[in-house]
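Visitor: Fold the following for me, if possible:
(2 chains)
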2 protein chains.
Amino acid sequence: MTPIGFSSRRAFLAAGAVSAASVWIPGPVHGYSASEVRAAADGERLQTGLSKWDLDTPALCVDLDKLEQNIAKAQTVLTRNQVAVRPHAKTHKCAAIARLQLAAGAIGICTAKVSEAEALFAQGIEPMCMTTGNPSASKIRRAMQLRKRNPHFIQAVDYAANARDLADAAKAAGIVADVVIDVAVGTRSGIPPGDDAITLAKLVDTLPSLKLRGLLSYDGGAQHVTGFAARKERALKGLEEHVRTYEAMKAAGLNTEIFSGGGTGTYSVQHLTPGFSDVQVGSYIFMDMQYLAIGSEDGNPVYKDFAPSLTVVATVLNNRFPGRLTTDAGAKALTLNVPRAGVIGEPGMDYNAGSDEFGVITFTEASKTYKIGDRLELIVPHCDPVVNLYDQIYGTRNDRVEVVWPITARGKSQ
Amino acid sequence: MTPIGFSSRRAFLAAGAVSAASVWIPGPVHGYSASEVRAAADGERLQTGLSKWDLDTPALCVDLDKLEQNIAKAQTVLTRNQVAVRPHAKTHKCAAIARLQLAAGAIGICTAKVSEAEALFAQGIEPMCMTTGNPSASKIRRAMQLRKRNPHFIQAVDYAANARDLADAAKAAGIVADVVIDVAVGTRSGIPPGDDAITLAKLVDTLPSLKLRGLLSYDGGAQHVTGFAARKERALKGLEEHVRTYEAMKAAGLNTEIFSGGGTGTYSVQHLTPGFSDVQVGSYIFMDMQYLAIGSEDGNPVYKDFAPSLTVVATVLNNRFPGRLTTDAGAKALTLNVPRAGVIGEPGMDYNAGSDEFGVITFTEASKTYKIGDRLELIVPHCDPVVNLYDQIYGTRNDRVEVVWPITARGKSQ
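Guide: Here you go, the predicted model:
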């Protein structure tokens, strides 16, 4: 992603990245804690009509209308493009959201780590693909134990030795495990496309306790390329070798039913990759300042395919100095400080979450005079690590808290 | 802190920022998960002789010898300087570590948020000072309910209206609450020094349900000034107005028994501030790449007053490409990517935790050839937000896991 300087950033914010959906009028603020909200909940469904402006802050919120709209949008576009949806659950780590995605038509979810897969399966999520190889004997054993309990679990591999270890563990568990080859785009993870990948696929195909299902080719770098045309070109060119690998595997009689990759930035063009079976959209449900900045197909600097549904509500602690505010949401509430969080309805504000406990806002203009205790609503820099900080997410509709969802796999980075 | 470019960064790392304490020879790696380790524990004390190299990764570890040495070092220096120690628990959020600090002679701990104070008190920690004002009615009520149960709780205030609300809540709770004035250094939080602060102190002194205990003057910005002389000058000059405020309060007959501030970067000079009662050291127990870079009094570019005790153990996932490694510890394991994490024993490695799930290492030289599954041990960019990601911290001695401590207030940012 191109770094955004202050003046172009200002234009970007003014172009609608942080526009308010409606006039923002917080009522009298009480500040209910998570335990108070849970105590008021009937099961998961709240009966209180509690306003999100009354939550104790920092509070992680998702606008349910926007969330549902985003899930439906990806499903509709990809179905029209004859590509399936296999959303990456590393973004939300939340069984309730995985259920919504599956109910909308997703063919399964992806997980990044085995502990994440275990936690989501424990909450009843079954069709899942772990998109990274497991580097240790214990993780391999755990993955195969999970596969034993969950026949809808698919494991990625990217090394021959790893495939053999996986086969041994599958055999020991008394199962035939579904496996996909993680074929690298770039140098981060996965086996390079071409002969190496095909050889590994053949090895998996010959191991009796493994069942080859196809290949993964996720291009993380393509997702955040600024500008639709450049992003599309990068997404398609970056997979040309992978398509040849896919075709060679197919010609060799190997199973290629899964040819999966892509994400929120490239979902709408990924069907142009021959053979592509499904797209691993992740951030599309929430959006964040990173993704808003990649730009739309129509040239708008703000990426508008999906609505920013995820926010953190923060409280003003200090308003003493002209052009400055301090809030209670710093690095422990927003993680990365790059790009800056966006303040909804306040394109003139720059939000610095560089302090652990405090957010520092500087502004030349604001929509109102902020008092101590006033709330602000923030679009986060990058959604995945932020969600990973919180135990629960408040699902709101028309600013009323409707559900409180546990972040099922919060902290499961192992 | 001055940004460190690659070449000077290299020199900094080679100067000993990431030197190995001993030769690093991981044994055969099993990868015990947190639940397996807890199952093997007798109470909190492990009997297994489990090596930290056998932990499931990413694993947050603290070297107990170094932790104890750091706690003793600050206590010794500050006691010699006739200043008390009031460590900030926002760094560790861990009741077990707070107990070690109190046992070593700390007069209390500090907390940043009311939810943090509640969680630590629930685990038996009593003497505590909440260093930030509470901006909402519910937080004020909770703080005063906490004060009712914990007579050793002190609350900071920085606005007159806030002091009156606090007084009302204290009265409603049937208590006289201990209060300190948070006097600002800079513009982030607190009331500016001088007449405003003195007027607020007088107000607190007149409110029957509040008891004035003194003032806080924490200069966060001074802590990370590079170079001892510059840091010392900034720390002392930055408090000159605060000293005048302290003296005026004293002259007016107000209680000034607490005049607290300072931190890990300035702890050894803070007694030169007239009237200073105690230092709020936080990161000194763990250290991190930020604090290692501020430099020692003897001119060493590495700050060596405290030993880096806190590490994250990570596993190699990919070694296919010369000069590159991928690990399983990215942004969800290390938060901020600035400054870069340091790889212990590998000053030639640059560690990029910019991906959510992956760490990407580039190097021109390494001490050995890394295989898939090999472990690396990292000094984190900045300790506070990293600790806040994990449910537990493994306490090790001579690389054996001795204790598993819950991060009591993990995620308590409210």
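Visitor: partner strands of whichever strand or helix holds residue A:377, parallel or antiparallel?
Guide: Assessed by DSSP states H and E, residue A:377 sits inside strand A:375-379. Strand A:375-379 sits in its sheet next to strand A:310-318 (antiparallel), strand A:342-343 (antiparallel), going by DSSP bridges.
Visitor: okay, the ones you listed in TSV with mean neighbour count and mean pLDDT next?
Guide: Where C-beta positions appear, they are placed from N, C-alpha and C, glycine not excepted. Formatted as TSV, these follow (neighbours: other C-beta atoms under 10 Å in any protein chain shown; pLDDT from 0 to 100):
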stretch	mean neighbour count	mean pLDDT
strand A:310-318	26	98
strand A:342-343	27	98
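Visitor: ok so, going back, residues making contact with the strand holding residue A:377?
Guide: Defining contact as C-beta atoms under 8 Å, 6 or more residues apart in numbering or on different chains, one finds that strand A:375-379 is touched by A:17-18, A:24, A:26, A:29, A:53, A:57, A:61, A:287-289, A:292, A:308, A:310-316, A:325, A:327, A:329, A:334, A:341-346, A:351, A:359, A:361, A:370.
Visitor: repeat that for 6 Å
Guide: Contacts to strand A:375-379, defined as C-beta atoms under 6 Å, 6 or more residues apart in numbering or on different chains, come from residues A:26, A:53, A:289, A:308, A:311-315, A:341-344.
Visitor: Can you pull the residues of the stretch 301-414 of chain A lying near chain B?
Guide: For the stretch 301-414 of chain A, the residues in contact with chain B (C-beta under 6 Å from any C-beta of the partner chain) are A:315, A:317-318, A:321, A:324, A:326, A:331-333, A:335, A:356-358, A:372-373, A:384-385, A:388, A:391, A:411, A:413-414.
Visitor: and those residues, which of them are in helices?
Guide: A:331-333, A:384-385 (DSSP state H).
Visitor: Just the closest of these to residue B:237, please.
Guide: residue A:331 (27.2 Å; C-beta to C-beta).
Visitor: Any figure for the gap between that closest one and residue A:351?
Guide: Distance, residue A:331 to residue A:351, by C-beta to C-beta, to the nearest Å: 12 Å.
Visitor: and the end-to-end length of stretch A:286-301?
Guide: In stretch A:286-301, first residue to last residue: 18 Å (C-alpha to C-alpha, to the nearest Å).
Visitor: ok, now stretch A:18-36?
Guide: In stretch A:18-36, first residue to last residue: 30 Å (C-alpha to C-alpha).
Visitor: Would you mind checking the residues of the stretch 301-414 of chain A next to chain B for buried ones?
Guide: Buried members of those, scored by 16 or more other C-beta atoms under 10 Å in any protein chain shown, are A:315, A:317-318, A:326, A:331-333, A:335, A:356-358, A:372-373, A:384-385, A:388, A:411, A:413-414.
Visitor: got a list of contacts for the lengthiest helix in chain A?
Guide: If you go by DSSP H, chain A has its longest helix at helix A:64-80. Helix A:64-80 is contacted from outside by A:85, A:100-101, A:104-105, A:268, A:279, A:281, A:284-285, A:306-307, A:309, A:395, A:397, using C-beta under 6 Å, 6+ apart.
Visitor: Could you write me a ChimeraX select line covering just the buried ones among those?
Guide: Buried residues among these (16+ other C-beta under 10 Å), as a ChimeraX selection:
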select /A:85,100,101,104,268,279,281,284,285,306,307,309,395
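Visitor: ok, of the contacts of helix A:64-80, which one's closest to residue B:121?
Guide: residue A:395 (30.7 Å).
Visitor: Which positions in the stretch 101-250 of chain A make contact with chain B?
Guide: A:112, A:135-136, A:138-139, A:187-189.
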